[in-house]
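Chemist: After the sequence you'll find the predicted model.
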Amino acid sequence: MPNPLDKLLKPRFPSTALGIRSDAASVVQLDRSRGGFVVRRAATLDLPKDLLRASFDQPNIGDREQLARAVTELVTGAGLLRQRKWSVALPESATRSAMVTIEGTGGSRREIEEVFEWKIERSFGAPSSELRVSREEMVPDAQRQTRFLVNAVRLNVLAEYEAVFAALGWHVGLILPRHAGEEQWLRNGSHGDGLLLTAHEEGFTAVLMRGNRPLTLRSVFCDPGECDDELHRVLLFYRDRAGSRAQDETPPVNRLLVVGQHLDKKRVAEIAQEALGVRLNPMNAADVGLMIPAGELDFDTIAAPAGLARLAW
């Protein structure tokens, strides 16, 4: 029987979402179907060069009015012009993510929050007063310490995007980095770990999921020619981390989701086999339970906004 308090305690997210990259934007509206989700409406649009330069520390949007016009064209083409409630996946390079561990359980709630804010400043190089921060409790580490996955965006950068959304008359309730949308496709309760690798202009983000919660995250900043070596190091780190647990507590990595044109999926699978000793085929839309109408729509392009739209259920 449904809990009548769920509507009060759990936010209701829209089934429509926008995903922004430095070179393109995509919108998606999802419907729930038996055994998964189906794309009801979607569209993607290439953005003019240098209109958007995603950065954590610097201004992002060269011309807000031009970006607003581009998004209007995008939602018009998707038949979503009248839609006002949205979730948004920001460019990966506009955000930063980190794991924050709270050692011990002593102290008052205020003291714990002070420690958390101190660690936020050390992780992101800015006080929490200058950041919009979201946090999610992670799988505890081997010492059973409380850990959080923290996503941050500078308030002045966020204000640029929010000004565009306000000009469109949108109500945006959820704004997260791109990987946070894509990792939703690994939150299906499957036995075994799921690994997300999402590529962007500055490198890639790797998130290891265990059940419906993140186990660990690594943000790697590197040149394209260094990606293979960096990826190998990340996978060895995950292997060693899993190996530190009892064998019966260590579900193997059995799902691999690679998103973004800056990583070659075939090469990633080869490196994963070398580092982890398991053969993994990168998942596609059907593998994660998303049905996309036949056409030119690409799963990599819409994976992030579709993942946020999935939170409507």
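Modeler: That came in fine, so what should we check first?
Chemist: which strand residues sit across from Trp86 in the sheet?
Modeler: Val172 (DSSP bridges).
Chemist: Any idea what the nearest residue to Val207 once chain neighbours are set aside is bridged to?
Modeler: Once flanking residues are discounted, Val207 sits nearest to Leu196: 4.5 Å by C-beta to C-beta, 6 or more residues apart in numbering. Where you see a C-beta, it was placed from the backbone N, CA and C, and this is true even at glycine. Counting by DSSP bridges, Leu196 forms beta bridges with Val207, Leu257.
Chemist: so what's Leu196 up against?
Modeler: By C-beta atoms under 8 Å, 6 or more residues apart in numbering, the residues touching Leu196 are 179, 182-183, 186, 205-209, 257, 259.
Chemist: nearest to Ser93, of these?
Modeler: Distance ranking of these against Ser93, using C-beta to C-beta, places Thr205 first at 10.0 Å.
Chemist: which stretch of helix or strand covers the closest one?
Modeler: Using DSSP states H and E, Thr205 falls within strand 203-210.
Chemist: Can you give the distance of that strand from its chain's centre?
Modeler: Strand 203-210 sits 9 Å away from the centroid of its parent chain (C-alpha atoms, centre = their mean, to the nearest Å).
Chemist: Can you name the element that comes right after it?
Modeler: From strand 203-210, the next helix or strand downstream (DSSP H and E) is strand 213-221.
Chemist: What residues sit buried inside that following strand?
Modeler: Neighbour-count burial for strand 213-221, counted by 16 or more other C-beta atoms under 10 Å, picks out 214-220.
Chemist: As a markdown table, the residues you listed with pLDDT would be great.
Modeler: Below are the buried residues of strand 213-221 laid out as a markdown table (pLDDT from 0 to 100):
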| residue | pLDDT |
| --- | --- |
| Pro214 | 89 |
| Leu215 | 87 |
| Thr216 | 88 |
| Leu217 | 93 |
| Arg218 | 93 |
| Ser219 | 93 |
| Val220 | 94 |
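Chemist: Identify, from those residues, the entry nearest to Pro127.
Modeler: Of those, the one sitting nearest to Pro127 (C-beta to C-beta) turns out to be Ser219, at 20.1 Å.
Chemist: roughly how far apart are that closest one and Ile102?
Modeler: Distance of Ser219 to Ile102, given as C-beta to C-beta, to the nearest Å: 20 Å.
Chemist: Please apply the same query to Leu74.
Modeler: Applying C-beta to C-beta to Leu74 and Ile102 gives a distance of 41 Å.
Chemist: go on, Thr198?
Modeler: 27 Å.
Chemist: Give me the more crowded residue out of those two.
Modeler: Thr198 (25 against 15; other C-beta atoms under 10 Å).
Chemist: Pro177 versus the more buried one, what's the distance?
Modeler: Counting by C-beta to C-beta, the gap from Thr198 to Pro177 is 9 Å.
Chemist: Return every residue with contacts to both of these two.
Modeler: With C-beta under 8 Å, 6+ apart, Thr198 and Pro177 have common neighbours 92, 205.
Chemist: Phi and psi next, for the nearest residue to Thr205 once chain neighbours are set aside.
Modeler: Nearest non-adjacent residue to Thr205, counting by C-beta to C-beta, 6+ apart: His179, 4.6 Å away. His179 adopts backbone torsions of phi -60, psi -30, taken as degrees, to the nearest 10.
Chemist: what about His179, how many neighbours?
Modeler: His179, neighbours per other C-beta under 10 Å, totals 29.
Chemist: surely it meets Phe204?
Modeler: No. With contacts counted by C-beta atoms under 8 Å, His179 stays clear of Phe204, the gap being 9.3 Å.
Chemist: Please identify every residue contacting each of the two.
Modeler: Thr198.
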